[in-house]
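# structure for this input, please:
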Amino acid sequence: MRIGILKCGQSPEELRGDLGDYDTMFERLLAGRGFEFSSYHVEDMEFPQGVHDAQGWLLTGSRHGVYEDHAFIPPLQDFIRAAYAEHVPLVGICFGHQIIAQALGGAVIKHPDGWAVGAQDYDFGGERVTLNAWHQDQVIRRPEGAEVLARNAFCENAALIYDDRAFSVQAHPEFSDSFIEGLIEHRARGTVPEPLLDSARARMGTPRQSTGIADRIEAFFKDPAAFRAQTQIRQGAA
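Residues are numbered from 1 along each chain as shown. Okay, here's the model as predicted:
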């Protein structure tokens, strides 16, 4: 199964050599699951010819805000809407989570409560899942038809499911602690309050459930309808 990775940003140049760019992080996360990958640097206006160039699309994180004025955002939203209309499955992570919501009628803002950085705990239908996060923006209004799969006290819309068409997560299952350390060093200075960085450092080494999210991504890409049905069972049990 071919998955197209829509690279909406790049990891810091200082980290890229050792830890990889956003597309290679997802290739590692989803390795050994029967996927082949094609990568498109949409931030640099490199787009697929059409939504059927891959059997599923994964939208990565980015340092940009989805509400900002960047040339790649309008065509990316058009692409999302076209894939959604054609039932080509979409998975979004962080910026990808937000841009899917915005493209389909939701609202995203720079959240007044500030940042989530490092290990965060989420309620996935009664299951506690710990993932690394790095965001200030949040989806504050879901599009019509989007349902919440995960939340915590800071982020109400931490994961969303759109029928059998899209699945998105605010946190970063692809981010290792080493990468979070690198972001603290190269992107946090003067931006993220120091107490939040101290908290992130204190939780380094906490077990993450990134593999569980990779399992969900795999299940969604391979059989979106079955994933949706199973999700309804879990949410009902919770």
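
# how about the contacts made by residue 75?
By CB atoms under 8 Å, 6 or more residues apart in numbering, residue 75 lies in contact with 42, 45, 47. Every residue, glycine included, has its C-beta placed from N, CA and C.

# beyond whichever strand or helix holds it, next helix or strand please.
Using DSSP states H and E, residue 75 falls within helix 73-85. Using DSSP H and E, the helix or strand that follows helix 73-85 in sequence is strand 90-93.

# how far does that next one sit from the chain's center?
Between the centre of strand 90-93 and the centre of its chain there are 6 Å (CA atoms, centre = their mean, to the nearest Å).

# isn't residue 222 up against residue 30?
No: Residue 222 is beyond contact range of residue 30, at 11.3 Å (criterion: CB atoms under 8 Å).

# flag the shaky bits of this protein, pLDDT-wise.
233-238 (pLDDT under 70).

# geometric centre of it: which residue is closest?
Closest residue to the average C-alpha location of the chain: residue 93 at 0.7 Å, with CA atoms, centre = their mean.

# tell me the contacts of that one?
Taking CB under 8 Å, 6+ apart, we find residue 93 in contact with 26, 58, 59, 60, 61, 168, 169, 171, 172, 173, 174.

# from residue 72, how far off is it?
17 Å (CB to CB, to the nearest Å).

# likewise residue 108?
Taking CB to CB, one finds residue 108 at 16 Å from residue 72.

# going by secondary structure, residue 26 is in what exactly?
helix 22-29.

# list the contacts of that helix.
5, 7-11, 19-20, 37, 39, 58, 60-61, 93, 173-175, 179, 210, 214, 217.

# can I assume residue 106 is in contact with residue 139?
Yes: using CB under 8 Å, residue 106 is in contact with residue 139, at 5.6 Å.

# which one of those two has more residues nearby?
Between residue 106 and residue 139, counted using other CB atoms under 10 Å, the more crowded position is residue 139 (27 against 20).

# how near is the more buried one to residue 157?
Separation of residue 139 from residue 157 (CB to CB) stands at 4 Å.

# what's the overlap in contacts for those two?
Joint contacts of residue 139 and residue 157 (CB under 8 Å, 6+ apart) are 101, 170.

# mind listing what's buried in whichever strand or helix holds residue 130?
Here residue 130 sits within strand 127-135, counting by DSSP H and E. Residues of strand 127-135 classed as buried: 129, 130, 131, 132, 133, 134, 135 (neighbour count, 16 or more other CB atoms under 10 Å).

# just checking, what packs against it?
Counting by 3 or more CB pairs under 8 Å, 6 or more residues apart in numbering; DSSP states H and E, the packing neighbours recorded for strand 127-135 are strand 116-124, helix 177-186, helix 210-222.

# again, only using 10 Å
With contacts defined as 3 or more CB pairs under 10 Å, 6 or more residues apart in numbering; DSSP states H and E, the packing partners of strand 127-135 are helix 95-103, strand 116-124, strand 147-150, strand 166-169, helix 177-186, helix 194-202, helix 210-222.

# what sits against residue 38?
When contacts are counted by CB atoms under 10 Å, 6 or more residues apart in numbering, residue 38 touches 2, 3, 4, 5, 6, 23, 48, 53, 54, 57.

# revised request: answer the last question for residue 102.
65, 66, 67, 73, 76, 77, 80, 108, 139, 141, 143.

# count of neighbours near the third one?
Neighbour count of residue 67, defined by other CB under 10 Å: 15.

# and stretch 46-63, how far apart are its ends?
Distance between the two ends of stretch 46-63: 18 Å, counting by CA to CA, to the nearest Å.

# now that stretch: buried residues?
By neighbour count on 16+ other CB under 10 Å, the buried set for stretch 46-63 is 47, 48, 51, 54, 56, 57, 58, 59, 60, 61, 62.
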